[in-house]
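Participant: Below: sequence and its predicted model.
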Amino acid sequence: MGLLDKLAVWLRMKRRDVNVLCLGLDNSGKSTIINRLKPASAQAEELFPTIGFSVEKFSTSRLSFTVFDMSGQGRYRSLWENYYKDAHAIIFVIDCGDKLRIIVAKQELDTILIHPDVKHRPTPILFFANKMDLSDALSSVMVSQMLELNNIKDRPWHICFSAQLLKYYVLQRQE
């Protein structure tokens, strides 16, 4: 079972066609993560910062994904809320090497969680603690504490970090 299938199990997703929002601050690694989740033949060799949003479609053996890669630049974050209603899951990417902006990430997460289109639906969230390979990166435990993830009781959520993605990515390619 590949990473996306495992995520679907972790997040209790049962749908065959899944709309996923990939959110997080700019430069957190959202586009790179999405690119790595795609089949090897569909991966881009070079990535550029997302302006506004981009849409990626790909499938696993069990699910068909439409992923909305939303720009994390401040002026584009207001666009996020237009996509909450149709989202079956959210991937929230955190740059663990950017200690100063973890507070901004927390504010954006709080804004997402109180939005009516999210608050009143149990939309599952995968928190992706990215850039853990940096020497001064925050641990996933520290990220979880700083984002106060234990206070999220109204929806399924899971936090994973770069090493987990790499491990599952390698295993998926070997299958």
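Facilitator: It's in. Numbering: from 1, shown residues only.

Participant: I figured Leu113 hits Lys119, correct?
Facilitator: Yes - if you go by C-beta atoms under 8 Å, Leu113 and Lys119 touch, sitting 6.5 Å apart. To be clear about C-beta, it is placed using only N, CA and C from the backbone, and glycine gets the same treatment.

Participant: For stretch 85-96, buried residues please.
Facilitator: Residues of stretch 85-96 classed as buried by neighbour count (16 or more other C-beta atoms under 10 Å): Ala87, His88, Ala89, Ile90, Ile91, Phe92, Val93, Ile94, Asp95, Cys96.

Participant: what are the C-alpha coordinates of that stretch, in CSV please?
Facilitator: The C-alpha coordinates for stretch 85-96 follow below in CSV (Å, rounded to 0.1, in the frame of the first residue of the first chain):
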residue,chain,number,x,y,z
LYS,A,85,-16.7,23.5,0.9
ASP,A,86,-15.6,20.9,-1.7
ALA,A,87,-12.6,19.6,0.1
HIS,A,88,-12.7,16.0,1.4
ALA,A,89,-9.3,16.5,3.1
ILE,A,90,-6.7,19.2,3.9
ILE,A,91,-2.9,18.8,3.8
PHE,A,92,-1.4,21.6,5.9
VAL,A,93,2.3,21.9,5.3
ILE,A,94,4.6,23.5,8.0
ASP,A,95,8.2,24.6,7.3
CYS,A,96,10.0,23.2,10.4
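
Participant: The residue nearest to the spatial centre of the chain bridge partners, please.
Facilitator: Closest residue to the average C-alpha location of the chain: Ile91 at 2.2 Å, with C-alpha atoms, centre = their mean. On the basis of DSSP bridges, Ile91 is bridged to Cys22, Leu126.

Participant: Report pLDDT for it.
Facilitator: For Ile91, the model assigns a pLDDT of 91.

Participant: So it versus Pro124, what's the distance?
Facilitator: When distances are taken as C-beta to C-beta, to the nearest Å, Ile91 and Pro124 turn out to be 10 Å apart.

Participant: Then Glu56?
Facilitator: Between Glu56 and Pro124 the distance, using C-beta to C-beta, works out to 19 Å.

Participant: Neighbour count: the two, which is higher?
Facilitator: Neighbours were tallied for Glu56 and for Pro124 using other C-beta atoms under 10 Å; the higher tally belongs to Pro124 (21 against 18).

Participant: quick check, nearest of the buried residues of stretch 85-96 to Val67?
Facilitator: Nearest to Val67 out of those is Ile91 (C-beta to C-beta; 7.9 Å).

Participant: surely Lys131 meets Val143?
Facilitator: No - counting by C-beta under 8 Å, Lys131 does not reach Val143; the two are 10.8 Å apart.
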